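Asker: A predicted structure for the sequence below; I have some questions about it.
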Amino acid sequence: MRYFILYLKGMLMGAADLVPGVSGGTIALITGVYKELLDSINKFSWQEIKLIKNEGFADVWRKLNGAFLLSLFSGIISSILLLSRILEWLIINEPIGLWSFFLGLLIASILFLIKKELKYNLKSLFYLSIGCLVSYLITQLSSAPNEAPIWYIFIAGFIGISAMILPGLSGAYILFVMGVYQKILSNVRQAQDLIFSFNQEQFIQVTSILSVFILGIFIGIKVFTRLLSWLLRRFHEETFSFLIGLMIGALGKVWPWQNQPTKLSDNVPNFNTAVLPQNFDGASPEIEKALILMFLGFVLLFVVEQSKVLLKK
């Protein structure tokens, strides 16, 4: 049962990582798997894998917390493969409902972490403010062109996964800013299509792009988790204050009512402006739907928390 729950948490993380403005790290934090995830990734190394010859696969698998990693990452990968098309459709066709749901989840997450982790002193409030400022400034960055050389894809994977691990800092948004979000999402869809309609030329192109991107992810996650684990051990209070600040600074990015500026190019995403519902330029602000979905997102946190309690019994 525990590993099935971990799989579902991984699916939530994968869904969040697909949406620009939402972080899979936030989901990991509020579902109680964040620290174990960092520790397990840090244990995973070539030196440990080589011990299989002397200690056996079962012992090394247990040391690496393999069942935990397999369950969580299976959920993440399944979510990305299953939901990429759905979320892309929701972003285009139901943006208010989608962002309302994630806003409710993010607000509940912030309140939960403030109650659990934040210390009310000047030092914590200082790092909280720095986190808010950093997150806000990142959401104001302009996008790079969507065309990118292969080495740039590697860099995008390296930086993107670092952001995905940080609560409040959206890895998908970083890919958006770097101009490769649509390219990666498109190649994931093409990889799915190749299962049913194989094309050798397309296979080589998709494989080269995604393999380089995944290599960047693998190296980035090893480097960054080690740094973050060290920070949490040595500067726990300051690090959590900064992470909560990152989440607060990201609230504007998931605000449901956003007015779109004039689109300059098909390769450049719109960087919208958050407005009150009455100032929304769209057809309808859909306030009732937004409030319902915001409430559902808010309640989801407590459902997840209850699942943690049940697992301990």
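Answerer: All right, it came through fine.

Asker: just to confirm, which helix or strand has the residue sitting furthest away from the middle of the chain in it?
Answerer: Residue farthest from the centre of the chain, counting by C-alpha atoms, centre = their mean, is Asn54 at 37.3 Å. Counting by DSSP states H and E, the element that carries Asn54 is helix 52-55.

Asker: Please apply the same query to Glu48.
Answerer: Assigned by DSSP H and E, Glu48 falls in helix 46-50.

Asker: just checking, what packs against that helix?
Answerer: Packing contacts for helix 46-50, counted by 3 or more C-beta pairs under 8 Å, 6 or more residues apart in numbering; DSSP states H and E, involve helix 57-63. Glycine gets a C-beta too; all of them are placed from N, C-alpha and C.

Asker: Quick check: buried residues in the following helix or strand past the helix it packs on?
Answerer: Sequence-wise, the next helix or strand downstream of helix 57-63 (DSSP H and E) is helix 66-93. Burial within helix 66-93, assessed by neighbour count using 16 or more other C-beta atoms under 10 Å, is assigned to 66, 68-76, 79-80, 83-84, 87-88, 90.

Asker: likewise stretch 287-298?
Answerer: Ala290, Leu293, Met294, Gly297, Phe298.

Asker: what comes up buried for the longest helix belonging to the chain?
Answerer: Across the chain, the longest stretch assigned as helix under DSSP state H is helix 200-234. By 16+ other C-beta under 10 Å, the buried positions in helix 200-234 come out as 206, 209-210, 212-213, 216-217, 220-221, 224-225, 228, 232.

Asker: Can you tell me which of those comes closest to Pro95?
Answerer: Set against Pro95, the nearest of the buried residues of helix 200-234 by C-beta to C-beta is Phe213 (26.1 Å).

Asker: ok, the closest one - contacts?
Answerer: For Phe213, the contacting residues are Ile153, Phe154, Ala156, Gly157, Ile184, by C-beta atoms under 8 Å, 6 or more residues apart in numbering.

Asker: in terms of contact, does the fourth one touch Leu210 like I think?
Answerer: No - with contact defined as C-beta atoms under 8 Å, Gly157 does not reach Leu210; the gap is 9.4 Å.

Asker: circling back to that earlier point, now distance to Leu118, secondary structure and neighbour count too, for the contacts of Phe213, in CSV please.
Answerer: Shown next, in CSV, are the contacts of Phe213 (distance: C-beta to C-beta, whole Å; DSSP: H, G, I helix; E, B strand; the rest coil; neighbours: other C-beta atoms under 10 Å):
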residue, distance to Leu118, secondary structure, neighbour count
Ile153, 38, helix, 24
Phe154, 36, helix, 20
Ala156, 32, helix, 27
Gly157, 32, helix, 25
Ile184, 34, helix, 20
